[in-house]
Structures are given as C-alpha cells and as structure tokens.
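>>> Need the 3D shape of this:
(2 chains)
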Amino acid sequence: MTAPAPSLSEVLARPDVWRGSDFARVTAEPSGHAELDRRLPGGGWPVGALTELFPETQGIGEMQLVLPWIARLTQAGGRVAMVDPPHLPFAPALAQAGIVLSRLLLVRPQSEDGGLWATEQILRAGSCGAVLAWPGRLGAVELKRFQLAAETGKTTALLFREPRAAAEFSPAALRLKLTARPGGLRIDIFKCRGGTPTAVEVLLPALAANG
Amino acid sequence: MLWLGLHLPQFSLEALGDASASQVVTGRRGARRWVIAGAADRIAPGTDWGTVQVLHPDLRAAERKPRAERETMQSLVAWAWRYGSELVWEITESELDFGLPCALLWVEIGASLKLYGGLAALLAHFDAGFAETGHVGSRAVAPTLEAAALFARIGLTEPVIEREQLPAALDALPLASLMLTPRTSEALKAIGLSRIGELLALPAAALGKRHGAQLVTFLDRLLGRRPDVRPRWRPPAKFQRRIDLLGEVEYTEGLLFPLQRMTRELGNFLKARDTGLQVFRLTLVHGRASGGRPQADTVLDLRLATSARDPERLLRVLREQLSRTPLPAPVRSLRLNAEQFIEPATGQRDLFDATRGDDEAWSQLVEKLVARLGAEAVTSLGLIADHRPERSWRTRACDAPLAEVARVTAPPRPIWLIDPPKPLSTTPKALAAAERLEGGWWDGGDVLRDYYHADLHGGRFWVFQDRLTSAWFLQGIWA
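Residues are numbered from 1 along each chain as shown, chains lettered A, B, ... in the order given. This is a model prediction of the structure:
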C-alpha cells in the first residue's frame, strides 16, 4: 500500500521547499525617476534594507536623485532622518524640493561614533520611513548591524559613502556607483538583490537648470 | 469592610536599598546590639550581634534608617493604591521580641472585588504585583484591621470574609500571636490560658477590670465589635526619593540597580495619581574627590519629549544621560525629585487607526537621541522669511510646535549651505545665473552681494561677490 503521489501544489506548500523566485520578492519605494525604477527590483529603493550610494565626488547630483522620493514620503506623513550630513542642509532648498520640513529629523553628532549609533537607533525604531546617512569608515560589522536594524524597523536606509568603499564587501541589498553626466547621472547598479546588475542614465532637470 | 493585611518582616533591610545576602540590620539599646532583619536563612532575628560575628564573620551590620523606611513605605503604599482607595500603614516596634520592627500595610479591598473580578482574581493579581516590588512579606484577608494583621503575621493566607467567621478562625491560635504586652500575657498564662479561643470565652467586664480597658478594646477591634479608626493614607503632592548607597560607587553602571528601583517607585507614584511627568531631576551626591575636597553634587535635569509614566522609559532616559555624564567623584547617594506633573496625552484613539503608537515610538526615539547626543545635535529645520541665505533658515527642536509660515519664493537654492561662507582666494570661472541680494541695514547684518553658479573642480557651487570688498565667497553646493 503506497501513499498517493502528492500534487505539485502540495509539494510547493511544504515549508522546507524553497523557490528561487521567493528571493526576488522585494518591497520597494519608487525613487521618482522612471528610468531608474524600471531597473530596480520592486521598482525603487528597497524597504527594510540598505542601499549604498557611491558618488564619484560630492555635488554631482546625488541629492537630486533622492529628493523626489523624500518629498513624496514627507508629504504622505512619513518621517525622514538625515544623519551626519557633510554640510548643513539648506532649509529653503529642501522646501523648494517639496519636502515638509517638520517631518525631517536632522542629527549632527559631535563624533563619528555618535552618528553610527544614531543611524542604528533610528533604523531599528522604525518610526522614520527613511534614513539618509553619511557614515565615515564602516566595517563589515557595522554594515551588518545596520542591515539587521533596517530589517527590524522596516526602514529604508540610504548610505552615502566614499567611492573607494565600493570595492569592499557589503551586505547591502543595493549598491550604486554614481558618475556625473551632462545634465544628469550615470548609475552603475553593481549589486542588486533580486535583480541583475546593470547601468542606467538618469536626467536630473533641476541640476541641468542650475548647471 | 474587607482588609488585605500585609506583613513585611524584612522591611528595615529592604528600606536600605541594598539586597545583598550579607547585609543585616541591627538594633541597639545601650551596649546591647542584636540582629533585627537580614540573612533570614542563617540567623534568627533577635540573635546577639556578638554571637553572629563569631558564627558568620562575612555579615555586615547597618543601623535602621527610619526615614528610608518611611519613604519606602510611601512608595509601597502608592503601589498598593491600585487595589483599594483606603489604605493604612504602620511601622511599630513591638515590646516583645527584642523590639523587632513590625511593618504593616492594609488595603481595603471590599470595594475593588468587582473591578478585579472576584477575590481570587484580585489576590492573584496582588501576589504577582507584590512579587515584582522586590519586597518579602505575607498577606492575609480579614474583615478587621487587627485580624488581618494577626493573620498576616502568622502566615494564615486563607481569607476570612465574614465577621461571624472570625471567632472560629481565631479559636485555635496560640495566645502569644496576639502580641499583647508582656505583663498581660504573663498574667493570662498564669491563669492557664493558651489559646485565643479561651481568652474570648471570658466575660469582657471581668477582663477589663483585671487587665485594663485596653485589652477589651483590642479584642473588640479584633472581632469587629468596635470600629477601628486609624488615619488613612493620602497620596503625597510630590515625589522625593533618596537612596544612600552602602558603598561609594565609581562607575555609572553601579548606579543602574538603585535607579531601576527609584524609577519603578516613581512609576507607581505616577500611576497612583493617574498622571505623568515631563521634567524630573536626579541628584548625585558625591563623596570626597581624590584631593580630599568636598565635591559639589551632580545635578541632571531630565526632559522627556512627551509626558510619560512608564518606568522603563524613565530609566532609559536616565541611563542615556548618565552614560554621557562623567562622574567627578564616587557617588554616595542618589536623589530623585519630581514636582511638576502633566497628564499624559493618552487621547482618543481610532479603533482602526494603523498609525497609533507611531507618535509614541517617535518621541521615545527623539528622547533617546537627545539624551545621548545632546539637544543641539538632534533638531529639525524651519524657514524664516528673510532673503539673506544665512538668515533664511533655523533649527527647531523636534518637539516644538509647528508654525510653518515662511514660504520660499526665491530662485533655486543649493541643497548644502556653507555656514559661515568660505572666502575664495581666486575668482571662480564659468559663472552663470547672476542674482543680486541686498539689504539687512535694519538689523546690522547689511549685505550687498552678487550670487553666481560656478563650476569648481567638477562640482557645482554657489558663490557670491561682496560688492563692497570685491571678495569672493563660497556659500553653497548643488548636489
């Protein structure tokens, strides 16, 4: 007497059966740049995960890349934290970009350690929808902690890092190299969980108008 | 009336604030010194201190601290307030038993039975809550104060509900458990009495003549035949708590245990008054500094983003603040004060509101960040209606009320501001989009500037030329 062979759907329902496509299920927030969103799994910045941005130098439009998303998030009542930015964020410019300033938390600690601690706390708390952080040197341990904290708090974390750190290992879900192009940016998506590495050019009209 | 009586045999030790197993409290009369509480598993209360020192040289002795006992009792009563609105407490020294202190607390639970869903549920709740307070004691339930105290003292936990049941419950108990004066108990023993039942069987008038009216009054109160009026506890107007540490503590980690106790007591106090607080103060009293000079107290003023009463949250804020406060000298005692109370905004909540608890979590996060990094490092931004860039923004405390009045009508502005502007040694090239800003004569910050966009080293910058000095400055970065 043999048991009847299980159907395919029964087999797939077993908890010990893993499917490759499960990993591709990424929750994401649209970045507001259609060309970029098309190439990112889930269609934007991954929620509850780390995204690392490596601009080749400062001031090539890396903020213009994220501002539309921040603006939409704050307008919808979400909160955004900026931890240890390299300069003072200029309130009128942020308001011009459509950001609701009262939903913005600016953390400027005295020490680098304070910044790392604050980043982790905010990521873990989950009461901020997004965290933009400019950490200095980051080891694998700190990155792993950030990643776990972002998962716990379901927070979208964007880390702006120096280009040479791109060669190091990182648990981040998404890693982007940013290079200046006339009127925009070239974005090398060189690590992308649930998608394929690729490159895309994004036009940044605000930047083009000022250039 | 249904009283829950609580007897606390180790209370004088618990009030010292140090729960180590080698601490005992001693009483003293003349040259005699004896143990009254502590190390209960090794020595009986009343043992001579000299004997104890020989048998257990590791034990440390301390005197009773009546003020600490009163304060500890206050916080315990505040905790017990949730079980009934009428409370009575007493700390007495019995004439028998070497003057052992007797700490008693009564709660009138008859009116709260319905709220808690019956006596069994209330007692279960009480026992669980009492275990958390860290005190040791036994409780009993009886219709009179004296009977509840008696049952609690001898550990009779079975509740006696009706007054009519009292004589039967008391009948078989030994006469010694009544804690009568030595003279009376000797006299009663001499006429051959050994049980309470035998005493109750005697005619009251004869007892009064022979042993004084006091004994009759006591028996009447015990059985509920005469009212027992004692001052009821009233909640105090402000919170004050002091813990003297037994040794000097050099590291903040060593303060966490007493602080945990203090915040728990503060939480009970706030809960009893159904209020919360936003501001409170911790004072660290120091011993002498290394040079032998007296060291001024360290005062920490703590502020919460919103009114709170949760002891965990109070402790978290204290801990963060302490972790960034260096101790100038070892700490001898701690004082926690709270005088201003604000009702926590519990507010009406929508049953289906998914964002509830979000604001709570948010203010806790901000509190935590502020406590560790300082208020100046954790801000939000606001606008000011001024066309001079350096005066068109301000930082705002995160919990400050929102007043977004200013609107931006200026041409595009860069994301990053260099404040103050950085002087440039060379004239920048590739200038575009000129904008002239003038004004400020009315407040002394007069500016005459021409602003340009410039490319320097591959980045895009916002520069201006001061028209009075012709010097160039960098004020912003486009990013």
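
>>> From A:Glu62, how far off is B:Ala454?
Distance, B:Ala454 to A:Glu62, by Cβ to Cβ, to the nearest Å: 19 Å. No exception for glycine: its C-beta is placed from N, CA and C like everyone else's.

>>> For chain A, name the helix or strand with the lowest mean pLDDT.
Ranked by mean pLDDT, DSSP states H and E, the weakest helix or strand in chain A is helix A:20-23, scoring a mean of 55.

>>> Give the rounded mean pLDDT of the following helix or strand past it.
Using DSSP states H and E, the helix or strand that directly follows helix A:20-23 along the chain is strand A:28-29. In this model, strand A:28-29 carries a mean pLDDT of 86.

>>> Not counting strand A:28-29 itself, show me its contacts.
Strand A:28-29 has contacts (Cβ atoms under 8 Å, 6 or more residues apart in numbering or on different chains) with A:40-47, A:69, A:73, A:129-130, A:156.

>>> Out of these, list just those in helices.
If you go by DSSP state H, these have A:69, A:73 in helices.

>>> so which of the contacts of strand A:28-29 comes closest to A:Leu204?
Set against A:Leu204, the nearest of the contacts of strand A:28-29 by Cβ to Cβ is A:Trp69 (13.2 Å).

>>> how many neighbours does the closest one have?
When neighbours are defined as other Cβ atoms under 10 Å in any protein chain shown, A:Trp69 has 22 of them.

>>> got the residue ranges for the strands in the stretch 51-200 of chain B?
B:60-63, B:87-93, B:101-108, B:138-142 (DSSP state E, counting those that start in this stretch).

>>> Given the third one, what are its sheet partners and their directions?
Put plainly, it is strand B:101-108. strand B:3-8 (antiparallel), strand B:87-93 (antiparallel) (DSSP bridges).

>>> Go through those and pick out the most buried.
Of the strands paired with strand B:101-108, the one with the most neighbours on average (mean count of other Cβ atoms under 10 Å in any protein chain shown) is strand B:3-8, at a mean of 25.

>>> can you list the weak-confidence ranges in the stretch 251-400 of chain B?
B:289-291, B:345-358, B:399-400 (pLDDT under 70).

>>> ditto for chain A
A:1-3, A:15, A:17-25, A:206-211.

>>> That one: helices as residue ranges?
Using DSSP H, helices in chain A cover A:8-13, A:20-23, A:34-39, A:62-75, A:91-96, A:112-125, A:140-153, A:205-210.

>>> Which stretch among the ones you listed is buried most, on average?
For the helices of chain A, the highest mean count by mean count of other Cβ under 10 Å goes to helix A:91-96, at a mean of 24.

>>> Return the list of helices and strands in contact with that one.
On a contact count with 3 or more Cβ pairs under 8 Å, 6 or more residues apart in numbering or on different chains; DSSP states H and E, helix A:91-96 meets strand B:378-383, strand B:393-396.

>>> any idea how far the closest residue to chain A within the stretch 1-150 of chain B is from B:Leu256?
Closest approach between the stretch 1-150 of chain B and chain A, counting by Cβ to the nearest Cβ: B:Glu132, at 26.9 Å. To B:Leu256, B:Glu132 is 17 Å away according to Cβ to Cβ.

>>> more neighbours, the two?
Set B:Glu132 next to B:Leu256 and count neighbours by other Cβ under 10 Å: B:Leu256 wins out with 15 against 9.

>>> For that one, give me its contacts.
Residues in contact with B:Leu256 (Cβ under 8 Å, 6+ apart) are B:Arg319.

>>> So for the stretch of helix or strand it belongs to, what gets flagged as buried?
Element membership for B:Leu256, per DSSP H and E: helix B:256-273. Neighbour-count burial for helix B:256-273, counted by 16 or more other Cβ atoms under 10 Å in any protein chain shown, picks out B:258-273.

>>> Pull the distance from that helix to the chain's centre.
Offset of helix B:256-273 from its chain centre (Cα atoms, centre = their mean, to the nearest Å): 2 Å.

>>> Repeat that for stretch B:21-30.
27 Å.

>>> Tell me the confidence at B:Phe98?
62.

>>> Leaving aside the residues adjacent along the chain, what's closest to the residue of the stretch 251-400 of chain B found nearest chain A?
Nearest to chain A, among the residues of the stretch 251-400 of chain B, is B:Trp393, at 3.5 Å (Cβ to the nearest Cβ). Nearest residue to B:Trp393 in three dimensions, chain neighbours excluded: A:Ala91, at 3.5 Å (Cβ to Cβ, 6 or more residues apart in numbering or on different chains).

>>> my read: the one you found touches B:Leu381, true?
Yes. Using Cβ atoms under 8 Å, A:Ala91 is in contact with B:Leu381, at 4.3 Å.

>>> What about residue 28, how many residues nearby?
Chain wasn't specified; assuming chain A. Neighbour count for A:Ala28, taken as other Cβ under 10 Å: 21.

>>> Wait, chain B was what I had in mind.
By the criterion of other Cβ under 10 Å, B:Arg28 has 14 neighbours.

>>> Which helix or which strand is home to it?
strand B:23-29.

>>> Tell me which other helices or strands that strand touches.
Using 3+ Cβ pairs under 8 Å, 6+ apart: strand B:23-29 touches helix B:11-14, strand B:32-37, strand B:60-63.

>>> out of these, nearest to B:Ile154?
helix B:11-14 (17.0 Å).

>>> which other helices and strands contact that closest one?
Applying 3+ Cβ pairs under 8 Å, 6+ apart, one finds that helix B:11-14 contacts strand B:23-29, strand B:32-37, helix B:66-80, strand B:101-108.

>>> Of all the ones you listed, which one comes closest to B:Gly476?
Closest approach to B:Gly476 among the helices and strands packed on helix B:11-14 (Cβ to Cβ): helix B:66-80, 56.6 Å.

>>> What residues sit buried inside the closest one?
By 16+ other Cβ under 10 Å, the buried positions in helix B:66-80 come out as B:68-69, B:71-80.

>>> Contacts for stretch A:189-200, please.
Residues lying outside stretch A:189-200 but in contact with it, judged by Cβ under 8 Å, 6+ apart, are A:23-26, A:35-36, A:38-42, A:46, A:49, A:166, A:170, A:172-177, A:186-188.

>>> now the residues you listed: which count as buried?
A:26, A:36, A:39-42, A:46, A:49, A:166, A:170, A:172-177, A:187-188.

>>> how many neighbours does B:Ala237 have?
Using other Cβ under 10 Å, B:Ala237 is surrounded by 8 other residues.

>>> Let me know the helix or strand that it is in.
Taking DSSP H and E as the definition, one finds B:Ala237 inside no helix or strand.

>>> Contact partners for A:Ala130?
Shown in contact with A:Ala130 (Cβ under 8 Å, 6+ apart): A:29, A:45, A:69-70, A:73, A:78, A:80-81, A:155-158.

>>> Enumerate the residues of the stretch 251-400 of chain B near chain A.
Contact residues, the stretch 251-400 of chain B versus chain A (Cβ under 8 Å from any Cβ of the partner chain): B:355, B:358, B:361-362, B:364-366, B:368-369, B:372-374, B:377-383, B:389, B:392-396, B:398.

>>> Ignoring the adjacent residues along the chain, who's closest to B:Ala375?
B:Ala375's closest residue in space is B:Ala397 (Cβ to Cβ, 6+ apart), at 6.8 Å.

>>> Oops, could you answer that again for B:Ala433 instead?
B:His453 (4.9 Å).

>>> what's near enough to touch the one you found?
B:His453 neighbours (Cβ under 8 Å, 6+ apart): A:210-211, B:431-433, B:460-463, B:478.

>>> Among those residues, show me the least confident.
Ranked by pLDDT, the contacts of B:His453 bottom out at A:Gly211 (42).

>>> ok, back up a step: residues making contact with the strand holding B:Arg28?
Counting by Cβ under 8 Å, 6+ apart, B:12-13, B:16, B:33-39, B:43, B:49, B:52, B:59-64, B:98-100, B:246 sit against strand B:23-29.
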